[in-house]
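Colleague: When you get a sec, could you give me coordinates for this:
(chains A and B)
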Amino acid sequence: NAGVTQTPKFQVLKTGQSMTLQCAQDMNHNSMYWYRQDPGMGLRLIYYSASEGTTDKGEVPNGYNVSRLNKREFSLRLESAAPSQTSVYFCASSETGLRENTIYFGEGSWLTVV
Amino acid sequence: GNSVTQMEGPVTLSEEAFLTINCTYTATGYPSLFWYVQYPGEGLQLLLKATKADDKGSNKGFEATYRKETTSFHLEKGSVQVSDSAVYFCALLSGGSYIPTFGRGTSLIVHP
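Modeller: Below you'll find the model as predicted:
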């Protein structure tokens, strides 16, 4: 049972380069999320997708774009990377509409922008 | 809006000590409450949850009771092990939103 799979696990970018973080879930969940985690800041929501075909901004969307390619996949794109985007990125998914829903996380992608 | 406040860490304990990590929340309606754990180099995983007042969630020796009157969901364990060293996140999900609200996390370090 793979759960939530995200790639790559590690990436080093130069300032101004672009890249896409890929995420896929095999639990048939409607909702998917992208978070970033920085020391002392906890988890911050970048974008989320309540269902296939919809995306919405979270707390820190600037500098990012997302695509909900289908029900399984939700990608995060950095168009022009900046050092402030050095972080650990987590993709997550959950079923929608139930208060007791568990959020399932991927293992994280460590991104360094130099 | 919804918010979750956790005690700041790190919490440093000796093996077999008693653990409490405080969590209080502000939310509209009747949220579900969660504790997630993040081991080094890994993503978050659900530790336990409670969906209504006075419910007790438990798993792997950890417990937390949903206290509506004090809006709290404190995490406890009677005897910690070195392998419990991790970051613990308190979270809530309210009935009106499917987007969870997380606390900032509390690092636990257990020494042999």
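
Colleague: Could you pull out the strands in the chain for me?
Modeller: Looking at chain A here, since you left the chain open. Assigned strands in chain A, in chain order: A:4-7, A:10-13, A:19-25, A:31-38, A:42-49, A:56-57, A:64-68, A:74-78, A:87-94, A:104-105, A:109-113 (criterion: DSSP state E).

Colleague: Chain B is the one I meant
Modeller: Remark: strands assigned in chain B by DSSP E are B:3-6, B:11-14, B:19-21, B:23-26, B:32-38, B:44-50, B:56-59, B:62-65, B:75-77, B:86-93, B:101-102, B:106-111.

Colleague: ok, of those strands, where does mean pLDDT dip lowest?
Modeller: Comparing the strands of chain B by mean pLDDT, the weakest confidence falls on strand B:101-102, with a mean of 90.

Colleague: Run the chain-centre distance for that strand.
Modeller: Chain-centre distance of strand B:101-102: 11 Å, with C-alpha atoms, centre = their mean, to the nearest Å.

Colleague: Partner strands of that strand and their direction?
Modeller: Counting by DSSP bridges, the strands paired with strand B:101-102 are strand B:86-93 (antiparallel).

Colleague: quick revisit: now distance to chain B and mean pLDDT too, for the strands of chain A, in CSV please.
Modeller: Glycine gets a C-beta too; all of them are placed from N, C-alpha and C. CSV is the format used below for the strands of chain A (distance: least, C-beta to the nearest C-beta, whole Å; pLDDT from 0 to 100):
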stretch, distance to chain B, mean pLDDT
strand A:4-7, 8, 96
strand A:10-13, 11, 97
strand A:19-25, 11, 97
strand A:31-38, 6, 94
strand A:42-49, 4, 93
strand A:56-57, 9, 95
strand A:64-68, 15, 97
strand A:74-78, 14, 98
strand A:87-94, 6, 94
strand A:104-105, 4, 92
strand A:109-113, 9, 97
